[in-house]
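turn this into a model:
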Amino acid sequence: MHKSSMMKMEYFKDSYLNKNEELKILDVGSFDKTGTYNYKMVLNEKKWSYTGLDLREGNNVDIIIENAYDWKEIDEDSYDVVVTGQALEHMEFFWLTMEQINKVLKPGGLCCIIVPSKGPVHRNPYDCYRFNEDGVRSLAKYVKFEILESGTTTDEISDPWYDSFVIARKPGPGSKGDLENRMDDIEQKMDLILEKLQG
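Numbering: from 1, shown residues only. Model (predicted):
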């Protein structure tokens, strides 16, 4: 985990999370070779419960999943916050992982994704993608999350990765995102009805 990624997670924590609220936090792709530099160091408040998830046993891993695209080991709507950093670029079918993030995040829950926009190849075991700001926004849109903030870091500390990030909320009852999703569903149904009437 590089310094700028840790700084971005600290920003997310300080700007969006309440230290006095009990939160269940899931870190996707949490394995840490050294065991000394990971998001658990940042997300370590007394009232918070941090869980690291990965495909292999090791430092900072609490849940080992068999399949990156089907998390049978975790109940639906079970986490208040899901974070992932420097992981999705290693997943061949990252959009399927986004579906799993959506599945385990509670309605109204927050998600923070940090991924490189540049940088050298670093297979683990794959290195498939780089994401710009539009790319990370698309990740959130794919699962109909409400985008709260996004960007790409371009300062000297971010070299060579220049991470892109998105902070988003899973729609919950009465939220702006929930209303937008329902409007989208209504529009799609209206389009189908019109097609049938015209056909």
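
could I get the phi/psi values of the residue nearest the centre of the chain?
Most central residue of the chain, judged by C-alpha distance to the mean C-alpha position with C-alpha atoms, centre = their mean, is residue 113 at 4.0 Å. Torsion angles at residue 113 (phi, psi; degrees, to the nearest 10) stand at phi -120, psi 130.

list the beta-bridge partners for it.
Going by DSSP bridges, residue 113 is paired in beta bridges with residue 84, residue 166.

which residues are in contact with the residue nearest to residue 48 when sequence neighbours are not counted?
Nearest residue to residue 48 in three dimensions, chain neighbours excluded: residue 23, at 4.7 Å (C-beta to C-beta, 6 or more residues apart in numbering). For every residue, glycine as well, the C-beta is placed using N, CA and C. For residue 23, the contacting residues are 17, 45, 47-49, 80-81, by C-beta atoms under 8 Å, 6 or more residues apart in numbering.

try 6 Å
48, 80-81 (C-beta atoms under 6 Å, 6 or more residues apart in numbering).

kindly report the same for residue 152.
Here residue 152 is in contact with 117, 133, 164 (criterion: C-beta under 6 Å, 6+ apart).

not counting sequence-adjacent ones, nearest residue to it?
Using C-beta to C-beta, 6+ apart, the nearest residue to residue 152 is residue 164, at 4.5 Å.

now do residue 64
Excluding its sequence neighbours, the residue lying closest to residue 64 (C-beta to C-beta, 6+ apart) is residue 57, at 5.7 Å.

the strands in this protein, which residues?
With DSSP state E as the criterion, the chain has strands at 23-28, 48-54, 63-64, 79-85, 105-115, 146-152, 164-169.

wait, residue 94 sits on residue 84?
No - applying C-beta atoms under 6 Å as the test, residue 94 and residue 84 come out as separate, 9.7 Å apart.

check the gap between the residue nearest to the centre of the chain and residue 5 for me.
For residue 113, the distance to residue 5 equals 11 Å [C-beta to C-beta, to the nearest Å].

hmm, which helix or strand of the protein has the shakiest average pLDDT?
helix 176-198 (a mean of 71; mean pLDDT, DSSP states H and E).

low-confidence stretches in this structure?
Scanning the chain for pLDDT under 70 picks out 174-185.
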